[in-house]
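Peer 1: let's see this in three dimensions:
(chains A and B)
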2 protein chains.
Amino acid sequence: MHHARPPAPVPAAVPAVTGTLADPDTPFAVVDARRAAANVDRLAHRVRRLGVTLRPHVKTAKSLDAAAPGGGPPGPVAVSTLAEAEAFADGGHRDVTYAVGIDPRKLPRVLALLRRGVCVRLLLDSPEQARAVADAARREGVRVPAQIEVDCDGHRGGVRPDDPALTAIGRVLHDADCLDGVLTHAGESYFAYTPEDRLRAAEGERDAAVAAARALRAAGLPVPTVSVGSTPTAHAAEDLTGVTELRAGNYVFFDLVMAGLGVCRVEDLALSVVVTVIGHRPEYGRIVTDGGWMAMSRDRGTAAQARDQGYGLVASLDGVLVPGLVMTSASQEHGILTTRDGAPLPELPLGTRLRVLPNHACATAAQHPGYHVIDGAPGGPDGAPGELSAAPAVSAYWPRVTGW
Amino acid sequence: MHHARPPAPVPAAVPAVTGTLADPDTPFAVVDARRAAANVDRLAHRVRRLGVTLRPHVKTAKSLDAAAPGGGPPGPVAVSTLAEAEAFADGGHRDVTYAVGIDPRKLPRVLALLRRGVCVRLLLDSPEQARAVADAARREGVRVPAQIEVDCDGHRGGVRPDDPALTAIGRVLHDADCLDGVLTHAGESYFAYTPEDRLRAAEGERDAAVAAARALRAAGLPVPTVSVGSTPTAHAAEDLTGVTELRAGNYVFFDLVMAGLGVCRVEDLALSVVVTVIGHRPEYGRIVTDGGWMAMSRDRGTAAQARDQGYGLVASLDGVLVPGLVMTSASQEHGILTTRDGAPLPELPLGTRLRVLPNHACATAAQHPGYHVIDGAPGGPDGAPGELSAAPAVSAYWPRVTGW
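Peer 2: Okay, the predicted model is just below:
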């Protein structure tokens, strides 16, 4: 196989960490570490009460620093790419679930990680994939732990818990000592607009995973891992009996889609993009910034919600929302801000810096090489003209993992 | 100013260029160099006939290789970020228009390029910006060429040609020897669905730019550059009298939005994303791939067109469309393919590789560190099971410029 491994994701050079949010050239992504820590604490508290292990899905932040904001030891993670698996392995993580159905051609990279002592747990939902994994394990003499993806809501992939294919797959894996358990994800919970709907989605996730585990065990197959999770269901579940671990990713940053669902408040959003006012078109009621879709992504998840938040709500540099101001359109490197609800167009002189809160943290974060980190405290008087407020001090830079 | 320059965009490590599109791990972006060259030739021919200079906007491909596929000398370019300006300067380009309204705080990076002998032409549309540029030029003793953005269609920024601010800005620039000309962009041409509408948009661009130049000249101000352009108007213009240069970016790759407008054919699309089939849900009429919105972007530009093409049309590895197959939904690393127009779900075994043609080349390309390049010729018999057709040979890897 020729150059099967893609160009290695090169972490961006880490800039000097000095100054405030008024200093780096815009646009750039900023993480409010105090808010992120509060979001992490909130879910940690729930998970302890539920009696399961939390396996953070690092696909949102894709950052070793964000995965351990308090500097704790490397724990279990879920990843969405092998590039993440490799980066987190390099960062000391030894328990990594690659939560996308395995393409058998990617097995050489998985085997390389397993040989380094990294427990990479694969996901699959077909006998063909199971045979490919079992064959590789036997041929290479390496145990390749694999979980069977279970479909709990028709959202994406997976086998239904009552599908006979489930035990057929389980048997193929078990015969090669590869069966690690079952995994499900309530993708439809992103459209569950009431607490009752989210509780029902959480129960559906649990019930599907537990039913699948029961069917496998009834066939004499061991099921050590029973994994469920999504950010909305993780914050709604009340009883996870039979489940061993919970996965969630978005909860570290949250976003306007999650706020629109009611899973968090707008004040909990830990990710934003700093932009600069570069023009005014009062005749159209517009302010023009240097942050377009390249900085925000094209994700417009709130367009499907009761309150369409455009490309994002707009806050001052210290994180306070500017009343009624919304980023309503975008070209590649231009953002257009307008007001709604009768709010007057605010006076924001040329050079004013603003923070735009995103629809979808996973997509917006992916547009950036890393995060300037603030601890949420003001950084002292602001030397630049045109700022609404004090510019928070930058305390760190967290690079992101990129590529596949 | 502290760390005003962002982390340097690090080009991804260039992988060994061997094998075929069946080799690199998916998803990855591929450029059909033969199609790109034909697209470049098509516009070059038009521009020669129109008697203007072509200034390619490199914001789409963001690649030095793509900007000179035939290996010609570095020519004039337009860029959307200073990271592009710096990368193209490093690549030998000496005439760079930074076609986003200048944030005065970015002037130190501009001055650094000017001192290296790179003619960086700035864009602005307010007296405040003009004063900031003029002040910097005087203070630093460097000529800072700047163009005045002219609004031809209310799309984004710019001053109207009859706005008295135009000559006021021109005067401020001229007094510091910075006035370089006028620039306009018919952003609304992306919604011009007939050849007549696009011709009208092209004439509107020309008329606005020429009127602005005339107004400045009438005030005794020199206007060496009269710059217009967008991919739709560049392919529609018939008479550019009074214009000195034409800018266009998307035309190198084209995309489904341009095909939907009628600016190109689907067969002209030079950019696609290679994905692998990782699952089947025949009960839902779905095929699941490992290419989600992270690989395609969230751009759904064709949703506003008569024919919504989902996240993209699907072709075999050699570029032939699979009849009726569309990528209709996406999560971060999963793509869902379904059929329409009564087409049967094709037999695409696990591991089959496909190419997905994007809505918006600028947005899809931005999700990738670079491009695997093919010359459009088949690479010989394909050794992998499940391919529809021969896998084209990979002839090069073109890294992209990232960040700001």
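
Peer 1: only C-alpha atoms from now on, for both contacts and neighbour counts.
Peer 2: Will do.

Peer 1: how about stretch A:159-172 as PDB, C-alpha atoms only?
Peer 2: Only the C-alpha atoms of stretch A:159-172 are listed here, as PDB (Å, rounded to 0.1, in the frame of the first residue of the first chain):
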ATOM      1  CA  VAL A 159     -27.500  -2.800  13.400                       C
ATOM      2  CA  ARG A 160     -30.800  -2.900  15.300                       C
ATOM      3  CA  PRO A 161     -30.500  -4.800  18.600                       C
ATOM      4  CA  ASP A 162     -32.900  -7.500  17.300                       C
ATOM      5  CA  ASP A 163     -31.100  -8.000  13.900                       C
ATOM      6  CA  PRO A 164     -29.700 -11.500  13.700                       C
ATOM      7  CA  ALA A 165     -26.600  -9.900  12.100                       C
ATOM      8  CA  LEU A 166     -25.700  -8.700  15.500                       C
ATOM      9  CA  THR A 167     -24.800 -12.100  16.900                       C
ATOM     10  CA  ALA A 168     -23.300 -13.200  13.600                       C
ATOM     11  CA  ILE A 169     -20.900 -10.200  13.800                       C
ATOM     12  CA  GLY A 170     -20.300 -10.900  17.500                       C
ATOM     13  CA  ARG A 171     -19.400 -14.500  16.700                       C
ATOM     14  CA  VAL A 172     -16.900 -13.500  14.000                       C
END
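
Peer 1: tell me if it is near chain B.
Peer 2: No - residues of stretch A:159-172 are not located near chain B by Cα under 8 Å from any Cα of the partner chain, the shortest gap being 8.8 Å.

Peer 1: cool, and stretch A:252-268?
Peer 2: No - Stretch A:252-268 lies out of reach of chain B by Cα under 8 Å from any Cα, never closer than 14.5 Å.

Peer 1: so how far is that stretch from its chain's centroid?
Peer 2: 13 Å (Cα atoms, centre = their mean, to the nearest Å).

Peer 1: contacts for it next, please.
Peer 2: With contact meaning Cα atoms under 8 Å, 6 or more residues apart in numbering or on different chains, stretch A:252-268 is reached by A:31, A:35-37, A:39-40, A:60-61, A:190-195, A:232, A:235, A:269-271, A:301-302, A:305-307, A:309, A:312, A:357-361.

Peer 1: could I have the buried ones of the residues you listed as PyMOL selection syntax?
Peer 2: This is the PyMOL syntax for the buried subset of the contacts of stretch A:252-268, where burial follows 16 or more other Cα atoms under 10 Å in any protein chain shown:
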select buried, chain A and resi 31+35+36+37+39+40+60+61+190+192+193+195+232+235+269+270+271+301+302+309+312+357+358+359+360+361
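
Peer 1: out of the contacts of stretch A:252-268, which sit inside strands?
Peer 2: A:31, A:271, A:312, A:357 (DSSP state E).

Peer 1: ok, which stretches of chain A are helices?
Peer 2: Using DSSP state H, the helices of chain A run over residues A:33-50, A:64-67, A:82-90, A:107-115, A:127-140, A:164-175, A:195-218, A:231-234, A:256-261, A:293-296, A:361-365.

Peer 1: can I get those in a markdown table with mean pLDDT?
Peer 2: As requested, these are exported to a markdown table (pLDDT from 0 to 100):
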| stretch | mean pLDDT |
| --- | --- |
| helix A:33-50 | 96 |
| helix A:64-67 | 91 |
| helix A:82-90 | 98 |
| helix A:107-115 | 98 |
| helix A:127-140 | 98 |
| helix A:164-175 | 98 |
| helix A:195-218 | 97 |
| helix A:231-234 | 97 |
| helix A:256-261 | 98 |
| helix A:293-296 | 98 |
| helix A:361-365 | 98 |
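
Peer 1: which ones are touching the nearest residue to residue A:213 once chain neighbours are set aside?
Peer 2: Among residues not flanking residue A:213 along the chain, residue A:223 sits closest, at 6.1 Å (Cα to Cα, 6 or more residues apart in numbering or on different chains). Applying Cα under 8 Å, 6+ apart to residue A:223 gives the contacts A:179-182, A:213, A:216-217.

Peer 1: and the pLDDT for residue A:223?
Peer 2: At residue A:223, the model reports a pLDDT of 98.

Peer 1: and it, how far from residue A:143?
Peer 2: Residue A:223 sits 16 Å away from residue A:143 when distances are taken as Cα to Cα, to the nearest Å.

Peer 1: ditto for residue A:59
Peer 2: Taken as Cα to Cα, the span from residue A:59 to residue A:143 is 25 Å.

Peer 1: ditto for residue A:397
Peer 2: 37 Å.

Peer 1: need the contacts of residue A:223 in TSV (columns: neighbour count and distance to residue B:351).
Peer 2: Putting the contacts of residue A:223 into TSV (neighbours: other Cα atoms under 10 Å in any protein chain shown; distance: Cα to Cα, whole Å) gives the following:
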residue	neighbour count	distance to residue B:351
A:179	28	22
A:180	23	23
A:181	25	23
A:182	31	22
A:213	28	27
A:216	22	26
A:217	14	30
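
Peer 1: ok, those vs chain B, which is closest?
Peer 2: residue A:182 (16.4 Å; Cα to the nearest Cα).

Peer 1: what is the burial count for residue A:298?
Peer 2: Residue A:298 has 25 neighbouring residues, counting by other Cα atoms under 10 Å in any protein chain shown.

Peer 1: apologies, that question was intended for residue A:210.
Peer 2: Residues lying near residue A:210 (other Cα under 10 Å) number 24.

Peer 1: my read is that it contacts residue A:228, right?
Peer 2: No - the criterion here is Cα atoms under 8 Å, and residue A:210 misses it with residue A:228 at 9.6 Å.

Peer 1: what's the overlap in contacts for these two?
Peer 2: residue A:243.

Peer 1: contacts only, for the closest residue to residue A:341 other than its chain neighbours.
Peer 2: Excluding the flanking residues, the one nearest residue A:341 by Cα to Cα, 6+ apart is residue A:324, at 6.3 Å. By Cα under 8 Å, 6+ apart, the contact set of residue A:324 is A:339-343.
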